[in-house]
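Colleague: quick one, structure for this:
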Amino acid sequence: MDSPFHDASALLAAWCDPNLVQGEEVLVAELGGRIVGCVTVEDRGRELELVNIDVPLELQGRGIGTMLVRSVEERARAAGKQAVTTGTSRNAEGVAWKSLPWWLHVGYRVTHEEENPWTRSIGPGVREIRMRKDLPPE
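Modeller: Okay, here's the model as predicted:
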C-alpha cells in the first residue's frame, strides 16, 4: 500500500515546495511525533476543494479526520472562501463509498453525482458524489 503513514520518506520525496505535493497543499495531523492524518486541498477560486483525506484505519473514530476537516474549513473561512467542496465515489453497482455517511455527519450536503476522468479511470459505471459545505461569513 502506498501510504505516507508507513514510510515518511515517501511523503518527503513527493514534496515539491513547502506544504505542496503535486500542486495540492498538504496539511498533516501529528501526535507524539507521528503523522496520524493528512489532507490535501486545492484553491478553486471562491471555494476550497478538499481533494483527499487519510487517517490510518487503526486511528479512525478518534476525531482526527473531523479535526482535519475543521482545519480546512477554518482555512477556507480565513481566506474568504464561500464553501469547501469534496467528493466521494459510488461504484458501478450503485453503492456509495463508506465515507459518505461521515461526510453528511460533519455537515456536507450532496450537490450532484457525475462521471469524470477520475471515475472513468476507476472503471465503467463509477460516479463521483460531489458535496459542499457553505461557510457563512463571520
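Colleague: CA atoms for contacts and neighbours, from now on please.
Modeller: Noted.
Colleague: identify, by residue count, the longest strand of the protein.
Modeller: As assigned by DSSP state E, the longest strand anywhere in the chain is strand 34-44.
Colleague: now that one, how far from the centre of its chain.
Modeller: 7 Å (C-alpha atoms, centre = their mean, to the nearest Å).
Colleague: next, the buried residues of it.
Modeller: I35, V36, G37, C38, V39, T40, V41, E42 (16 or more other C-alpha atoms under 10 Å).
Colleague: ok, now which ones touch the residue nearest to the fourth one when sequence neighbours are not counted?
Modeller: Right, the one you point to is C38. Residue nearest to C38 in three dimensions, not counting chain neighbours: V28, with 4.2 Å by C-alpha to C-alpha, 6 or more residues apart in numbering. Taking C-alpha atoms under 8 Å, 6 or more residues apart in numbering as the contact definition, V28 lies against I35, V36, G37, C38, V39, L68.
Colleague: check E113 too.
Modeller: With C-alpha under 8 Å, 6+ apart, E113 has these contacts: R127, E128, I129, R130.
Colleague: can you check W103 too?
Modeller: Here W103 is in contact with R109 (criterion: C-alpha under 8 Å, 6+ apart).
Colleague: please, which helix or strand holds it?
Modeller: Using DSSP states H and E, W103 sits within helix 100-105.
Colleague: send the alpha carbons of the next helix or strand after that helix over as PDB?
Modeller: Later in the chain than helix 100-105, the nearest helix or strand by DSSP H and E is strand 109-114. The C-alpha trace of strand 109-114 is given here as PDB (Å, rounded to 0.1, in the frame of the first residue of the first chain):
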ATOM      1  CA  ARG A 109     -24.500  18.000   1.600                       C
ATOM      2  CA  VAL A 110     -24.600  16.200  -1.700                       C
ATOM      3  CA  THR A 111     -24.900  18.500  -4.600                       C
ATOM      4  CA  HIS A 112     -24.900  16.100  -7.500                       C
ATOM      5  CA  GLU A 113     -23.300  13.000  -9.000                       C
ATOM      6  CA  GLU A 114     -21.100  12.900 -12.100                       C
END
